[in-house]
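[1] kindly return the folded structure for what I paste below:
(chains A and B)
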Protein chains: 2
Amino acid sequence: MHILTIGAAGMLGRKVTQRLVDDKGLDGQTIDTMTLVDVIAPEAPTSFDGTTNRIAVDLSAPGTAADLIATRPDVIFHFAAIVSGEAEADFEKGYRINLDGTRDLFEAIRRAHLEDGYFPRVVFASSIAVVGAPLPFPIPDDFHTTPLTSYGTQKAISELLLADYTRHGFFDGIGIRLPTLCIRPGKPNKAASGFFSSILREPLVGQPAVLPVPDDIRHWHTSPRSAVGFMIHAATMNLSQLGARRNLSMPGLSATVGEQIEALRRVAGDAAVALIRREPDAAITRMCEGWAPGFEATRARALGFTAEDSFDDIIRHHIEDELDGAQ
Amino acid sequence: MHILTIGAAGMLGRKVTQRLVDDKGLDGQTIDTMTLVDVIAPEAPTSFDGTTNRIAVDLSAPGTAADLIATRPDVIFHFAAIVSGEAEADFEKGYRINLDGTRDLFEAIRRAHLEDGYFPRVVFASSIAVVGAPLPFPIPDDFHTTPLTSYGTQKAISELLLADYTRHGFFDGIGIRLPTLCIRPGKPNKAASGFFSSILREPLVGQPAVLPVPDDIRHWHTSPRSAVGFMIHAATMNLSQLGARRNLSMPGLSATVGEQIEALRRVAGDAAVALIRREPDAAITRMCEGWAPGFEATRARALGFTAEDSFDDIIRHHIEDELDGAQ
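    Numbering: from 1, shown residues only, chains lettered A, B, ... in the order given. Predicted coordinates:
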């Protein structure tokens, strides 16, 4: 089996790759080859017995998608995107990478399909950014896509393309609308949503963290562990159950910042909570108020996608996965 | 004032053009120039005092959109599309005309905006084909777009682009999701939905018509007269009321085929109804069962869009507009 992961140097790409190695295959099949693609050369996974191809390339560059598809991978994970802030600031780059790159990939698969019947599984990472305020709570599965960013627009368009290419039988596609990933491992970053993770991640290792919004801000979260689980399930489940509606809002946990903090207190104590410093920021608060407070995700749950149902578990899974079980 | 109409040779394009001439302007402003564009040269309107440019060109051909925008039209009606059946059968042509053509137009406007602050009104003809079965009845305004055709996918993507370009301030856009137009004037055509019009249009002039579906098939209609009204209202209303949600399901009339026929009986008598021959077609019936039975259109009605609320009126308006008031 040959797996192609585009966006393999990102957090999700690295975790899915390592999970495939640790699982020694996908859906009972041995993986012979992993092709890992990103704008910088992805790291090779540890302890993989097969062949690893590490490719640094821009998916939207002419001919790139066709070259990647020439090797006829069986499963394609497409996680590559420039992030929301950059896509908003650089309109042309956002459309080139996040829309044209995705369309080039789908077109390369279509042409291969017309050539020799090639029919891979395509797992696409979409985002809750496809919706935008005003939003109900919880957001039903059949709520319309009303993105308020170019990033969300590009994800929503990619979802539509994925469904149409699948309907025509060019590939077997599924779009996974990811909640905000929390707790994101690594260093604090500049994303406006970064505090959702940092108010937990930093205190867990004795570091201070800044909270720029009120405690009653509600948002929709899932752990990196659950997100990896979504991708593996999406790569193995029978997709004919989905019919023509190929894009699914994933399960997650709706929680206020206050609830996140109380979970931190239960798991790591008052001393950890005391490391959170409140520095209200009106601009970040306004942005957060436009974000998704939570989804029903009825369909995804019925199809076997699962996520944590308490923030205590999300924090515990972070401690197990990122801190070797220790705080 | 300069009006650019793309898709000006089609039924809606011709009617909107003639309405602008008959109204002697738009929103109280005199129209100096009308540029009428289509793949075949559109007819010039009768009795127009200004300048008419008639241009036969493919919008998706390189440089075409930029050439059209070089003249900086104040209002742009974009109605051009290849129809559903053709976009389904010729995948590449559908995406080229219906998606790339629209994106080329929006890009040409964006570049002009960056050059000199150009900021036109853009009225885009979308379609109820952006939704697909299974559908609730009535379909709420916030129902997700789940097209079951490439045509519907291309319209849904164009809606997303229109909203994003508008949000960025490149133009002032509105997408008008048209119901099925009934009674379509002219000859019977090969569209699977053609019977909705022909079972009324042909009997009104003493000709036979074929009904391929059961009487209880329910669908969503509006008259050509109302559709023209939607476009004029869209071109003149204050669009800031729409916020970021720039695509609106238009009002219409939800009716079963049986209800259409009873309206025909009331307006034109039993002799007209007797001209309808039932020839059940399982394939057409299956297709119809996937089509939209009706929308709430709450938002559009609140914003002043209006349509007939009885099929009797739809038939009467056809008699007035197409048959000089006579049957």
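[2] neighbours of A:Leu26, how many?
    18 (other CB atoms under 10 Å in any protein chain shown). (Glycine included, C-beta is placed from N, CA and C.)
[3] ok, now which ones touch it?
    If a contact means CB atoms under 8 Å, 6 or more residues apart in numbering or on different chains, then A:Leu26 has A:1, A:3, A:20, A:75, A:232, A:235-236 as its contacts.
[4] which stretches in chain A count as helices?
    A:11-22, A:64-69, A:84-89, A:91-94, A:101-116, A:150-167, A:195-204, A:224-236, A:257-268, A:270-273, A:282-289, A:298-302, A:311-322 (DSSP state H).
[5] who wins for proximity to B:Trp220 among those helices?
    Taking CB to CB as the measure, those were each checked against B:Trp220, and helix A:150-167 came out nearest at 21.4 Å.
[6] so does that closest one get close to chain B?
    Yes - for helix A:150-167, a contact with chain B is found by CB under 8 Å from any CB of the partner chain, at A:150, A:153, A:156-157, A:160-161, A:163-164, A:167.
[7] likewise for stretch A:278-286?
    No - Stretch A:278-286 lies apart from chain B when judged by CB under 8 Å from any CB; the minimum separation is 14.4 Å.
[8] what's the most buried one of the helices of chain A?
    Per-stretch averages of neighbours, counted by mean count of other CB atoms under 10 Å in any protein chain shown, single out helix A:150-167 among these, with a mean of 26.
[9] show me what it is packed up against.
    On a contact count with 3 or more CB pairs under 8 Å, 6 or more residues apart in numbering or on different chains; DSSP states H and E, helix A:150-167 meets helix A:84-89, helix A:91-94, helix A:101-116, strand A:121-127, strand A:172-178, strand A:247-249, helix B:150-167.
[10] coming back round to it: how about the helices of chain A in CSV, adding distance to B:Tyr118 and mean pLDDT?
    Below are the helices of chain A laid out as CSV (distance: least, CB to CB, whole Å; pLDDT from 0 to 100):
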stretch, distance to B:Tyr118, mean pLDDT
helix A:11-22, 41, 97
helix A:64-69, 34, 98
helix A:84-89, 22, 92
helix A:91-94, 16, 98
helix A:101-116, 27, 98
helix A:150-167, 20, 98
helix A:195-204, 40, 97
helix A:224-236, 43, 98
helix A:257-268, 43, 98
helix A:270-273, 54, 98
helix A:282-289, 30, 91
helix A:298-302, 44, 98
helix A:311-322, 49, 97
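[11] of all the ones you listed, which one comes closest to B:Pro280?
    With CB to CB as the measure, helix A:150-167 is the member of these nearest B:Pro280 (26.8 Å).
[12] quick one: that closest one to helix A:101-116, angle?
    10 degrees (axes from the mean of the first three to the mean of the last three CA atoms, to 10 degrees).
[13] report the angle between helix A:150-167 and strand A:121-127.
    Taking the same axes, to 10 degrees, one finds that helix A:150-167 is oriented at 160 degrees with respect to strand A:121-127.
[14] centre of the chain to helix A:150-167, how far?
    15 Å (CA atoms, centre = their mean, to the nearest Å).
[15] export it to CSV, keeping only CA atoms.
    Once side chains and other backbone atoms are set aside, the C-alpha atoms of helix A:150-167 remain, and they are given as CSV (Å, rounded to 0.1, in the frame of the first residue of the first chain):
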residue,chain,number,x,y,z
SER,A,150,-10.9,33.7,2.6
TYR,A,151,-9.4,30.6,4.2
GLY,A,152,-12.9,29.4,5.1
THR,A,153,-14.1,30.2,1.6
GLN,A,154,-11.3,28.2,0.1
LYS,A,155,-12.1,25.2,2.4
ALA,A,156,-15.8,25.4,1.6
ILE,A,157,-15.1,25.5,-2.2
SER,A,158,-12.7,22.6,-1.8
GLU,A,159,-15.5,20.6,0.0
LEU,A,160,-17.8,21.3,-3.0
LEU,A,161,-15.2,20.2,-5.5
LEU,A,162,-14.5,17.0,-3.5
ALA,A,163,-18.1,16.1,-3.4
ASP,A,164,-18.6,16.7,-7.2
TYR,A,165,-15.4,14.8,-8.2
THR,A,166,-16.5,11.9,-5.9
ARG,A,167,-20.1,12.0,-7.4
